[in-house]
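# make a model of this:
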Amino acid sequence: MKQNQYGSVPYMAIRDVSTYLVDATEELPKKFIFCRVETDDGTVGWGEAYAFPCREWG
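Below is the predicted model:
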């Protein structure tokens, strides 16, 4: 573990980032983006974001 002024701090390095765009449909008019982040020790995390259908009009 690395040391800093607060003591030991866990260290992780990002190994891979993947993004997935999910297009809008008539039933669900928003576009979604999912993001998968993987670290060097195999830990995986997911994030999400979306845009309202009229966002492009602004």
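# CA only for contacts and neighbour counts going forward, please
Noted.
# list the residues that contact residue 44.
For residue 44, the contact set (C-alpha atoms under 8 Å, 6 or more residues apart in numbering) comprises 36-38.
# what residue ranges in this protein score low on pLDDT?
Applying pLDDT under 70 to the chain flags the ranges 1-4, 8-10, 53-58.
# what segments of it are strands?
Using DSSP state E, the strands found in the chain span residues 2-4, 7-9, 14-22, 31-39, 44-51.
# just say which of these is most tucked in.
Sort the strands of the chain by mean neighbour count, taking mean count of other C-alpha atoms under 10 Å, and strand 31-39 sits at the top with a mean of 15.
# direction included, what does it pair against?
Based on DSSP bridges, the strands next to strand 31-39 in the sheet, each with its direction, are strand 14-22 (antiparallel), strand 44-51 (antiparallel).
# list the contacts of the residue lying closest to residue 32 once chain neighbours are set aside.
Take residue 32 and drop its neighbours on the chain: the residue closest to it by C-alpha to C-alpha, 6 or more residues apart in numbering is residue 50, 4.4 Å away. Neighbouring residues of residue 50 by C-alpha under 8 Å, 6+ apart: 30-33.
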